[in-house]
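> Turn this into a model:
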Amino acid sequence: MMSLITDKTNQALRRIPAWTIYVAGAAWAAWLFYQGLTGALGPEPINALERAYGLVGLKLLIAGLAITPMRRYLGLNLIKFRRAIGVTTFFYIVAHFTVWAVLDVQTLARVWADIVKRPYITIGMSAFLLMTPLAITSNNLSLRKMGGAAWRRLHKLVYLIAVLGAVHYIWLVKGWPLTPFVYLSIILVLLAMRLRFDVRRMVARSA
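Next comes the predicted model:
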């Protein structure tokens, strides 16, 4: 029964084009921005918009990390959406950074000062910089020029990026609420599942 449901789900997913991720991502970003303009995000719309973009980016990072475990353990094949999810993640992180730098901080000198002096911003900026080459090389031309092995090694930076993003979120939120730790826990579980699979594959190869 479970196999039949999985097969039906995969058949339905194959009919959905990957570009719908870009459309949905852009539409939601525009909706959040509109809410900020109209005051629907509360008394501090810039801060709320900044955090909303960052949180969507973190959720998309987790979604991207979950694709491989979902295929291996549940049989759900979402591989065709992984690149679109990754690029959309970068788009939201750029939006998160832009709102912070342009609308919140507003001056280049203050942006640099915050990056240097505030550890949670240093961590967030580190994740952003590490994500940039991944976004630039998320295309078939880069894959061909770099070669599959080198391309895959580079894109494994997403594991570190996800952890840094979660730590950035934990450090950003005051009062140590539970939610940021839940995100970090999910990321660590997904990474542990990937590590376990890689170890088993290495053992199988050496046997």
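> what's the helix or strand for the closest residue in space to residue 104 that isn't next to it in sequence?
Of all residues not flanking residue 104 in the chain, residue 46 sits nearest, at 5.3 Å (CB to CB, 6 or more residues apart in numbering). For every residue, glycine as well, the C-beta is placed using N, CA and C. With elements taken from DSSP states H and E, the one containing residue 46 is helix 45-69.
> Just after the helix or strand hosting residue 115, pick out the following helix or strand.
Assigned by DSSP H and E, residue 115 belongs to helix 108-117. Downstream of helix 108-117, the next assigned helix or strand under DSSP H and E is helix 119-136.
> What's the mean pLDDT across that next one?
The average pLDDT within helix 119-136 is 93.
> Same check on stretch 194-206?
Rounded mean pLDDT across stretch 194-206 is 63.
> Stretch 139-158 now?
87.
> With stretch 73-89 instead?
pLDDT averaged over stretch 73-89 gives 90.
> CA-only coordinates of it in PDB, if you can.
Written as PDB, here are the backbone C-alpha positions of stretch 73-89 (Å, rounded to 0.1, in the frame of the first residue of the first chain):
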ATOM      1  CA  TYR A  73      14.100   6.200   3.100                       C
ATOM      2  CA  LEU A  74      10.600   7.000   1.700                       C
ATOM      3  CA  GLY A  75      11.100   6.500  -2.000                       C
ATOM      4  CA  LEU A  76       9.900  10.000  -2.900                       C
ATOM      5  CA  ASN A  77      11.900  11.400  -5.900                       C
ATOM      6  CA  LEU A  78      12.200  15.200  -5.600                       C
ATOM      7  CA  ILE A  79      15.700  15.400  -7.300                       C
ATOM      8  CA  LYS A  80      14.300  17.400 -10.200                       C
ATOM      9  CA  PHE A  81      13.400  20.200  -7.800                       C
ATOM     10  CA  ARG A  82      16.700  20.300  -5.900                       C
ATOM     11  CA  ARG A  83      18.500  22.900  -8.200                       C
ATOM     12  CA  ALA A  84      15.400  25.200  -8.200                       C
ATOM     13  CA  ILE A  85      15.100  24.900  -4.400                       C
ATOM     14  CA  GLY A  86      18.800  25.800  -4.100                       C
ATOM     15  CA  VAL A  87      18.700  28.800  -6.300                       C
ATOM     16  CA  THR A  88      15.400  30.000  -4.700                       C
ATOM     17  CA  THR A  89      17.100  29.600  -1.300                       C
END
